[in-house]
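> Build me a model from this:
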Amino acid sequence: MDVCKAVARAVVQFLHSTEHLRPSAAQHELSIVRACVSLQHTMAESSNAKIPLADDPDMSPQWGRGPPAIASLGKQASGLRAPSPTPASAEMTGQPYARSPRAMRKVITAGGTQAKELLSRHLEELEEEQARAEAHLQSLKKRSTNLARSAEAMKLQVSERYESMRRVLQKDEEATLDAVEQEHREANMRLTDVLRDWKQHLSQLQRDIASTRRALEPKRDAQDCSWDFSCPKKKEAAKEEITMNEDRFHKLLKILRSVCNKLEAQLQRKSFMLDASAVEIDRHSCHRHITVSGGGRRLCFSTEAKPAPVLPLQFDKVYCGLASRGITASRCYWEVDVRCCTAWAVGAAYGRLERKGKVKGAELGRNAHSWCLELHSGALSAWHNDRCVTCRPAGTEPPRKVGILLDRSKGRLAFYDLGSVKLLHEFSTAWTPGFDRTQPQFAEALFPAFRFLKPEGAEPWPSHMEICTPML
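So this is what the prediction gives:
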């Protein structure tokens, strides 16, 4: 009887200590425990004795309730209900803890070969997991070192590129300064020649004055003197001969200013191009008057509709089309060539934008689900939720290419004129009513959107617009 109690106690304690094992191992342990409990029942029936499985202090669960199968076996064996776990014990369930060597020895002694094999396998699994964890930690440390080395290598390469740019600028600066210095030397040489001529002229005048004064002396015999009454006059040097070429200098400053502006624009555009993404048009969303070509990157408008059935997601009244995929990345950039259009709108929209009917819910910028930059009647404006902001009045030159930068994490959609890389307009969900200002980001994936507008008066219909590949 003492042996049965020892077996039951050891098995229950071991079971509680192995709850976190994989299901396959736990099922195997459960079969062993059932066999032990069955043996215990057999011996108890033969001796007509009750087995205090649940109410024995040594047998009570110390780390939470055991598996249901063991609890039911315990009830059948003892007829008593197992105590419920306390909150403290429930909190400790599943937490790592030190195994009891005494419980392990009891299991090995009572369970025999099967328990010893089970513990041996479990020990092997633990050692394997320990080795894997140590190897993974070493891998993470090595990865951290590699990341630091990669970052340093990248910084070095970037610094080398900028240093090359600085060398080019420095070389050009030195050449330009040398040219200015050469211009100064040439002007100075011309001035030196003029100074020498005028000094000679002044010396001649001084000699003539001296001789004339001597002739005016009373003791001088005027008949013995032969006089030259001519007064030498020297023409003044032209101002252009003794100055630097100021026209050339002002032209140089103008060129340098233009180069600086272009360099600044290219450096700003460089940051956009890092997030450039390929955008393709979904031909199934385009109006029947719009033909998609160029690998899904060109939209051509025709006054005659192509014979095709109207699709469920196709615009039927608004001359509009969407991209084939919504943008879910944190940042994305694309460019649109609109030089061949006289009236257009480009921007982004949620996929739930209405497609049927000529209503505001289907027009870009006339609802809460879309944002766009629009050129109509020569005026450039930005639209969202049926509200517009004038970007450029009529009469100004419209942009030939438009760059669109989407920053979903900041809730920002910006439009740029690529001719000067100047910001035309910026939408921000943090500034828009109806958005959560504490989380300024777009709620859904955004689809690049394109629309042809009907021009007013005798203006020609727009021809086509094209998605460009960003290039410096």
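> what about residue 388, which SS state?
Judged by DSSP: H, G, I helix; E, B strand; the rest coil, the three-state class of residue 388 is strand.
> Pull the number of nearby residues for it.
Residue 388: 16 surrounding residues under other CB atoms under 10 Å. Every C-beta, even on glycine, is put in place using the N, C-alpha and C of the backbone.
> bridging residues for it?
Under DSSP bridges, the beta-bridge partners of residue 388 are residue 383.
> And for residue 422?
Assigned bridge partners for residue 422, using DSSP bridges, are residue 417.
> quick one: it and residue 402, what's the gap?
From residue 422 across to residue 402, the span is 11 Å (CB to CB, to the nearest Å).
> the more surrounded of the two?
residue 402 (25 against 11).
> returning to what we had before: please enumerate the shared neighbours of residue 422 and residue 402.
residue 416 (CB atoms under 8 Å, 6 or more residues apart in numbering).
> So, low pLDDT: which residues of the stretch 1-150 of the chain?
Residue ranges of the stretch 1-150 of the chain with pLDDT under 70: 1-112.
> again, 90 this time
The model of the stretch 1-150 of the chain has pLDDT under 90 over residues 1-123, 144-145.
> what does the stretch 201-350 of the chain give?
Ranges of the stretch 201-350 of the chain meeting pLDDT under 90: 201-249, 261-272, 302-312, 316, 342.
> show me where it has helices.
246-273 (DSSP state H, counting those that start in this stretch).
> could you show me where the strands are in it, in order?
290-293, 298-301, 320-322, 331-337, 344-350 (DSSP state E, counting those that start in this stretch).
> Compare these and give me the one nearest residue 173.
strand 331-337 (32.7 Å; CB to CB).
> quick one: secondary structure of residue 160?
Strictly by three-state DSSP, residue 160 counts as helix.
> Tabulate the strands of the stretch 201-350 of the chain (TSV), appending distance to residue 214 and mean neighbour count.
Putting the strands of the stretch 201-350 of the chain into TSV (distance: least, CB to CB, whole Å; neighbours: other CB atoms under 10 Å) gives the following:
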stretch	distance to residue 214	mean neighbour count
strand 290-293	101	18
strand 298-301	97	20
strand 320-322	103	26
strand 331-337	89	21
strand 344-350	93	24
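> can you put those strands in TSV and add distance to residue 209?
Shown next, in TSV, are the strands of the stretch 201-350 of the chain (distance: least, CB to CB, whole Å):
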stretch	distance to residue 209
strand 290-293	92
strand 298-301	88
strand 320-322	94
strand 331-337	79
strand 344-350	83
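> Which of those sits closest to residue 406?
When those are compared (using CB to CB), the closest one is strand 331-337, at 4.7 Å.
> So which elements touch that closest one?
Under the contact definition 3 or more CB pairs under 8 Å, 6 or more residues apart in numbering; DSSP states H and E, strand 331-337 sits against strand 401-407, strand 464-468.
> among those strands, which is nearest residue 306?
Among the helices and strands packed on strand 331-337, strand 464-468 comes nearest to residue 306, with 14.7 Å by CB to CB.
> Please save the CA atoms from that closest one in CSV.
Extracted as CSV, the C-alpha positions of strand 464-468 are listed here (Å, rounded to 0.1, in the frame of the first residue of the first chain):
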residue,chain,number,x,y,z
HIS,A,464,-3.1,60.7,-72.7
MET,A,465,-1.2,60.6,-69.4
GLU,A,466,1.6,58.2,-68.4
ILE,A,467,3.2,56.8,-65.2
CYS,A,468,6.9,57.6,-65.4
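> In the sheet, which strands lie alongside that strand, parallel or antiparallel?
strand 298-301 (antiparallel), strand 331-337 (antiparallel).
> Can you name the residues in contact with it?
279-281, 294, 297-301, 334-338, 340-341, 344, 346, 401, 448, 450, 452.
> What sits closest to residue 373 if chain neighbours are left out?
Residue nearest to residue 373 in three dimensions, not counting chain neighbours: residue 415, with 4.4 Å by CB to CB, 6 or more residues apart in numbering.
> Give me the three-state assignment for that neighbour.
strand.
> residue contacts, it?
Counting by CB under 8 Å, 6+ apart, residue 415 touches 346, 347, 373, 382, 391, 402, 403, 404, 423, 424, 425, 426.
> possible to save these as JSON lines with distance to residue 185?
Output for the contacts of residue 415, formatted as JSON lines (distance: CB to CB, whole Å):
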{"residue": "346", "distance to residue 185": "55"}
{"residue": "347", "distance to residue 185": "58"}
{"residue": "373", "distance to residue 185": "54"}
{"residue": "382", "distance to residue 185": "55"}
{"residue": "391", "distance to residue 185": "51"}
{"residue": "402", "distance to residue 185": "50"}
{"residue": "403", "distance to residue 185": "47"}
{"residue": "404", "distance to residue 185": "52"}
{"residue": "423", "distance to residue 185": "46"}
{"residue": "424", "distance to residue 185": "48"}
{"residue": "425", "distance to residue 185": "52"}
{"residue": "426", "distance to residue 185": "51"}
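> Name the member of these that has the highest neighbour count.
residue 373 (29 neighbours).
> in the sheet, who's paired with that one?
With DSSP bridges as the criterion, residue 373 is bridged to residue 346, residue 382.
> Retrieve the pLDDT associated with it.
pLDDT recorded at residue 373 is 97.
> And residue 170, by the same measure?
93.
> what's it sitting at in phi/psi?
phi -70, psi -40 (degrees, to the nearest 10).
> What count of nearby residues applies to it?
Residue 170 has 10 neighbours, counted by other CB under 10 Å.
> what about it, distance to residue 177?
Distance from residue 170 to residue 177, by CB to CB: 10 Å.
> again, but for residue 351
58 Å.
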